[in-house]
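Student: Mind looking at a prediction? Sequence and model below.
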Amino acid sequence: MADREQFLAHVRERIQSGGARPHEHYQPTVAPDSVWTPNRPRPSAWEPSPGELPERFLAELRALGGTGARVSDTAAARDYIVELARQKGATLLVRWGDEPTEALGVDAPLSAAGTRVAVWGRDADARDLTATADIGLSSAECAVAETGSLVLVTSAERGRAVTLLPPAYVAVVPSARLVPRVTDVIAHYAQAGPLPASLCFHTGPSRSADIEQSLAIGVHAPGEIHVLLVE
Amino acid sequence: MARMTTTKPARQRDAIDTRHTGPEHAGGDFNARGREALKDEFLHDSLALAQARLSGSRTTTLATLPDAPELRARAYAIKQDVIAHLDTYLERLADAVERAGGHVHFASDGADAIEYISGIVARRDARTIVKSKSMATEEIELNHRLEELHPGLEIVETDLGEWIIQLRGEPPSHIIAPAVHLNRFQVAETFSQVAGEPVSPDLEALLQFARRRLRQKFLAAEIGISGANFAIAETGTIVMVTNEGNGRLVTSLPPVHIAVVGMEKLLPRVADLSVFLQLLARSGTGQKLTVFTNLITGPRRPGESDGPEEFHLVLLDNGRSQILGTEFDEALYCIRCGACLNVCPVYRQVGGHVYGSTYSGPIGAVITPLLKGDAVAKDLPNASSLCGACWEACPVGIPLHDLLLKLRNRETREGLAGRDQALLFAGFAQAMAHPTVYRLGAAAGRIAQAPFIAAGSIRRAPRPAGRWTGTRDLPPIAGASFRDRWKEGI
């Protein structure tokens, strides 16, 4: 495309107009903000043992206003979800159709409890139903202990809307899938080849401080988040 | 309230009036707007609160990063590499986006970007566009221009703060807190106009109204338009961070997603995110990570039933290339975190609207004259105490105070600084270069100042010193110089 070539040629010409000049990094004469001062007393780096990851994750998630729990197995996770739907009087739950979510086996007990289940990637009307669902349910690629984040990737069975539109959202992640830091996830995907269409760090309930700087929860995305860590 | 336009009454449609005065036609000058803003007590209190809250959490969270100084140095080095080889990385980015199934448009200015987007609107016969907060689209006044070109088209800002100011016909007053100048009663008044019935000024009621109203727009929209915090050359990925989730909805639900991105927002590799994601949210809001950090690579894949069918990346020059290869190119390293606004003593007093530009605060004072020319923004580089707090807070280490000084120098060279100032500096240069002139000048000054001294300081002086004494006292020249006192053994 001609204008692409022109655009790039113009950029190239402008850069070269400055000569061979990567200029020197600005060196201050006074000590900067203590945060950036290289020789300040530094906090020690967090070196977690695998055993402390679940507690750290749950503490971070709770600090953000999310709810989390460690459950012994998928049956316990299923019971938690059915009980939550019952408490909320949920009439519709939409869930991912991927294998880990399927394996929870929530469909039959939820139906028995009066909650209809729509499955993304299987039910043709799942996309439309998501807008009116009371609860969204998904798995997660992994979870980050340092920040309380879920790492969500998309596929045919894993729709973005399931984790976004319902007012309440439940994610089920095996404890073994916890990683210490955000940088661990970045390092993994930097090596993993082509990225999925969407990779998302989903960290706690939707929040806004746009009106009088007061914290408001759930303005667009779920205001209620439950993460179940399966041992 | 200090703002550049008066509040316009709501139209029936939700997108009431997105036309606001851009930098080119801002009425009055910085000082006139500043004087108005200083009278606004609510603005003053909210700015003080916002600065304390945001910069306080920033310091707390950054201080827990053991390698913060190294990350900052690394961020600077990465940006330096990006800007020095921008053509190569832009080409790589465009190829990668196309490999992922997306489209790329290189827009040399706002009109070019708008023409491209307008073509998509026409082809998709779009009636509703949802937008997530984007400074680049503010900069090119996209909403206003598109609605002019497509009568009946509704463009809805979906960030809560941005929606509120869109409904009121105002520009944002802070990069990350656009409605920081408003109180909830003003918000309720605006929402009530839109609803056609009273909406309670209760926070929860306002929130529920916004959620319901905007949810309809998300579901109806044919096109979603967003900005991006980063664009990754290696993979063609754009990265967006949001807290409300509107950014993820805008890029997931409509069948078309258009990202409008300043061409300097490039990062070479996915791995570079480990540097920038650690710095961005911590510097902006003091969060370790925002609620949603989205990495979007192309349109939806075969078999997927949400995510956009079409993905367009519009890479915007709009004056940025004029900064390349100049002594100002560090201004292009900015990641728009807002940290410099949150520590600036000038911003604290007057707020964002006074800058008369899309970009306010220290970074706005630097890039507005660079993008728009010194003639339209000559006051901005002078609206700084040069204390350097902005540079200290900047996670990329942009020497903002240094750039402000260089811009003042450029203004003086271009003859924009005004005759009084030019005269004053020419006189000062003569005096400093010639000891006799200096001594004579000081002696003359001692005599001339006598009638103006009251209680040990000069409260009001004639031109050119009158500009100074208009806002503060001038210390008088001492009765005897240091040289004289030294001769006399002090």
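Tutor: Received the coordinates, thanks. Residues are numbered from 1 along each chain as shown, chains lettered A, B, ... in the order given.
Student: Centre-most residue in the chain?
Tutor: The chain I'm using is chain A. Most central residue of chain A, judged by C-alpha distance to the mean C-alpha position with Cα atoms, centre = their mean, is A:His202 at 2.1 Å.
Student: ah, I was thinking of chain B
Tutor: The centroid of chain B falls nearest to B:Tyr359 when counting by Cα atoms, centre = their mean (2.5 Å).
Student: and that residue, how far is that from B:Glu222?
Tutor: Going from B:Tyr359 to B:Glu222 by Cβ to Cβ, to the nearest Å gives 30 Å. Glycine gets a C-beta too; all of them are placed from N, C-alpha and C.
Student: A:Val179 now?
Tutor: From A:Val179 over to B:Glu222 (counting by Cβ to Cβ), the distance is 38 Å.
Student: moving C-terminal of the lowest-mean-pLDDT helix or strand in chain B, what's the next helix or strand?
Tutor: Ranked by mean pLDDT, DSSP states H and E, the helix or strand of chain B with the weakest confidence is helix B:466-469, at a mean of 78. Per DSSP states H and E, helix B:466-469 leads on to helix B:482-487 as the next helix or strand towards the C-terminus.
Student: So for that following helix, mean pLDDT?
Tutor: Averaged across helix B:482-487, pLDDT comes to 86.
Student: For chain A, which segments count as helices?
Tutor: Using DSSP state H, the helices of chain A run over A:2-17, A:53-63, A:74-88, A:99-102, A:107-112, A:126-130, A:182-191.
Student: Identify the residues contacting the third one?
Tutor: Outside helix A:74-88, the residues that touch it by Cβ atoms under 8 Å, 6 or more residues apart in numbering or on different chains are A:69, A:71, A:90, A:93, A:103-106, A:109-110, A:113, A:115, A:134-135, A:137, A:168, A:170, A:172, A:226, A:228, A:230.
Student: switch the cut-off to 7 Å
Tutor: A:69, A:71, A:93, A:103-106, A:109-110, A:113, A:115, A:134-135, A:137, A:168, A:170, A:172, A:226, A:228, A:230 (Cβ atoms under 7 Å, 6 or more residues apart in numbering or on different chains).
Student: Averaged pLDDT, that helix. What do you get?
Tutor: When pLDDT is averaged along helix A:74-88, the result is 97.
Student: Give me the distance from that helix to the chain's centre.
Tutor: If you compare the mean C-alpha spot of helix A:74-88 with that of the full chain, they lie 21 Å apart, counting by Cα atoms, centre = their mean, to the nearest Å.
Student: Output that helix in CSV with nothing but the alpha carbons.
Tutor: Only the C-alpha atoms of helix A:74-88 are listed here, as CSV (Å, rounded to 0.1, in the frame of the first residue of the first chain):
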residue,chain,number,x,y,z
THR,A,74,-14.4,-30.8,42.0
ALA,A,75,-17.4,-32.2,43.8
ALA,A,76,-16.9,-29.6,46.5
ALA,A,77,-16.6,-26.9,43.9
ARG,A,78,-19.8,-28.1,42.3
ASP,A,79,-21.6,-28.0,45.7
TYR,A,80,-20.3,-24.4,46.2
ILE,A,81,-21.7,-23.3,42.8
VAL,A,82,-25.1,-25.0,43.3
GLU,A,83,-25.4,-23.5,46.8
LEU,A,84,-24.5,-20.0,45.4
ALA,A,85,-27.1,-20.3,42.7
ARG,A,86,-29.7,-21.4,45.3
GLN,A,87,-28.8,-18.4,47.6
LYS,A,88,-29.0,-16.0,44.7
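Student: For that helix, which residues meet the burial criterion?
Tutor: The neighbour-count criterion (16 or more other Cβ atoms under 10 Å in any protein chain shown) identifies A:74, A:77-78, A:80-82, A:84-85 as the buried residues of helix A:74-88.
Student: Serialize those to JSON lines and add fields for distance to B:Gly161.
Tutor: Rendered in JSON lines, the data for these read as follows (distance: Cβ to Cβ, whole Å):
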{"residue": "A:Thr74", "distance to B:Gly161": "41"}
{"residue": "A:Ala77", "distance to B:Gly161": "37"}
{"residue": "A:Arg78", "distance to B:Gly161": "40"}
{"residue": "A:Tyr80", "distance to B:Gly161": "36"}
{"residue": "A:Ile81", "distance to B:Gly161": "35"}
{"residue": "A:Val82", "distance to B:Gly161": "39"}
{"residue": "A:Leu84", "distance to B:Gly161": "32"}
{"residue": "A:Ala85", "distance to B:Gly161": "34"}
